[in-house]
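Chemist: Dropping the sequence and predicted coords here.
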Amino acid sequence: MFSETTPNSKIFACSKSIELAEKIAQKYGTQLGEVKLSYYSDGEFQPSYEESIRGARVFLICSTFPNSDNLMELLLMIDAAKRASARHITAVMPYFGWARQDRKDKPRVPIGAKLVANLLQAAGATRIMTMDLHADQIQGFFERPVDHLFASSIFLPYLQGLHLDNLCIASPDMGGSKRAYAYSKFLKCDVVICYKQRKQANVIETMELIGEVEGKNVVLVDDMVDTAGTLVKAAQLMKDRGAISVRAVATHPILSGNAYERIENSALEELIVTDSIPLKQPSSKIKVLSCADLFADVMHRVHHNEPISSKFIM
């Protein structure tokens, strides 16, 4: 008579997320599995697992930041794992790309986040694990379990360790007000909100401040920083309104265009980010906190069917 046993767990990574994946694997207590990428002369690529994954629980670590090859590589790896008879396939996506396209904000545009969800499920992912989605409702785009982790469990201990007096939490826009209120509730401090209007994507027309920051140490909280235009403008506005210092925490450091230059020349004391996306270059004002411990712990709990509710500070 055959007995049911817990499947082995194996961790693999897409090529642009190897550095983070190695940290996660080390914290998990294992080594990264070997994946080989074969390239055609036109740039097309094909991943292959260099070890058996039959009957295993496979964790595929891949942040889907630009360019789109990262997403395509993840989809191909999921499909390959499915065809190699993996028992469970968890797409571990510290950064979930295309999340800003979570709705139709004007006629004749796609809902990119929903499309990505459909692609992941069609490829064969049986579970999704991610962190600080741009919009919480993206979880509803999936018909598979989604573990939506919060970087607050990483940032809040760091902020507490700064021992800042007259602390104030700020949101750089109305959409992040829920996140800002959650931080302020935990830290027992005031919260202010920036109200901005855009001319177009990544271009701010006007920004106003709701609340008082005079004589306070302000911490801006956001889920991502792309061009850094919003953060830099918000930081300057708060300094102009009498803030003692302005810091920012942003989970995903996309940092495109002139973002690094803007941050270096800004009123920000520091920008605290995670390593969900590798930095393109070092910066004296950017502090990186690793999310490896968080993901390794949750992956271990998922594999052993243990609850993960204790990991949610917010």
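Modeler: Good, I have the coordinates.
Chemist: so residue 250 is in which element?
Modeler: Taking DSSP states H and E as the definition, residue 250 sits inside strand 245-253.
Chemist: List the buried residues in the helix or strand following that strand.
Modeler: Sequence order places helix 259-264 as the next helix or strand after strand 245-253, per DSSP H and E. Neighbour counts over helix 259-264 (16 or more other C-beta atoms under 10 Å) mark 259, 260, 262, 263 as buried. In this view, the C-beta of every residue, glycine as well, is placed from N, C-alpha and C.
Chemist: where's helix 259-264 relative to the chain centroid, distance-wise?
Modeler: Computed by C-alpha atoms, centre = their mean, to the nearest Å, the chain-centroid distance of helix 259-264 equals 20 Å.
Chemist: other SSEs contacting that helix?
Modeler: helix 229-240 (3 or more C-beta pairs under 8 Å, 6 or more residues apart in numbering; DSSP states H and E).
Chemist: Quick check: buried residues in the helix of greatest length in the chain?
Modeler: Counting residues, the longest helix found in the chain (DSSP state H) is helix 69-83. Under the neighbour-count criterion of 16+ other C-beta under 10 Å, helix 69-83 has 70, 71, 72, 73, 74, 75, 76, 77, 78, 79, 80, 81 buried.
Chemist: Pull the residues that contact it.
Modeler: By C-beta atoms under 8 Å, 6 or more residues apart in numbering, the residues outside helix 69-83 that reach it are 12, 14-17, 35, 37, 45-49, 53, 58, 60, 62-64, 89, 91, 93, 97-98, 116, 119-120, 123-125.
Chemist: quick one, strands of this protein?
Modeler: 9-13, 35-39, 45-49, 57-61, 88-93, 127-131, 146-149, 167-171, 190-200, 203-210, 217-225, 245-253, 271-274, 286-289 (DSSP state E).
Chemist: Spatially nearest residue to residue 112 (excluding sequence neighbours)?
Modeler: residue 101 (3.1 Å; C-beta to C-beta, 6 or more residues apart in numbering).
Chemist: Would you check how far apart the one you found and residue 138 are?
Modeler: Using C-beta to C-beta, to the nearest Å, residue 101 is found at 10 Å from residue 138.
Chemist: Please tell me I have it right and residue 220 contacts residue 235.
Modeler: Yes. Checked against C-beta atoms under 8 Å, the pair residue 220 and residue 235 is within contact range at 6.8 Å.
Chemist: anything in contact with each of these two?
Modeler: With C-beta under 8 Å, 6+ apart as the test, residue 220 and residue 235 both reach 246, 248.
Chemist: For the closest residue to residue 217 other than its chain neighbours, list the residues it contacts.
Modeler: Leaving out its chain neighbours, the residue that sits closest to residue 217 by C-beta to C-beta, 6+ apart is residue 164, at 4.3 Å. Contacts for residue 164 (C-beta under 8 Å, 6+ apart) come out as 217, 219, 245.
Chemist: how many neighbours does residue 50 have?
Modeler: For residue 50, the count of nearby residues is 9 (other C-beta atoms under 10 Å).
Chemist: how close does it get to residue 37?
Modeler: Shown here: residue 50 relative to residue 37, a distance of 11 Å by C-beta to C-beta.
Chemist: Under the pLDDT cut-off, which ranges of the stretch 101-250 of the chain? List them.
Modeler: Counting by pLDDT under 70, the stretch 101-250 of the chain has low-confidence residues at 198-205.
Chemist: before we move on, the earlier item: within its sheet, name the partner strands of the strand holding residue 250 and how each one runs.
Modeler: Its sheet considered, strand 245-253 pairs with strand 217-225 (parallel), strand 271-274 (parallel) by DSSP bridges.
Chemist: Quick one: residues in contact with the last one.
Modeler: Counting by C-beta under 8 Å, 6+ apart, strand 271-274 makes contact with 94, 131, 151, 154-155, 158, 225, 228, 231, 247-253, 263, 279, 283, 285-291, all of which sit outside it.
Chemist: how long is stretch 40-50 end to end?
Modeler: By C-alpha to C-alpha, to the nearest Å, the extent of stretch 40-50 from end to end equals 19 Å.
Chemist: Noted, bye for now.
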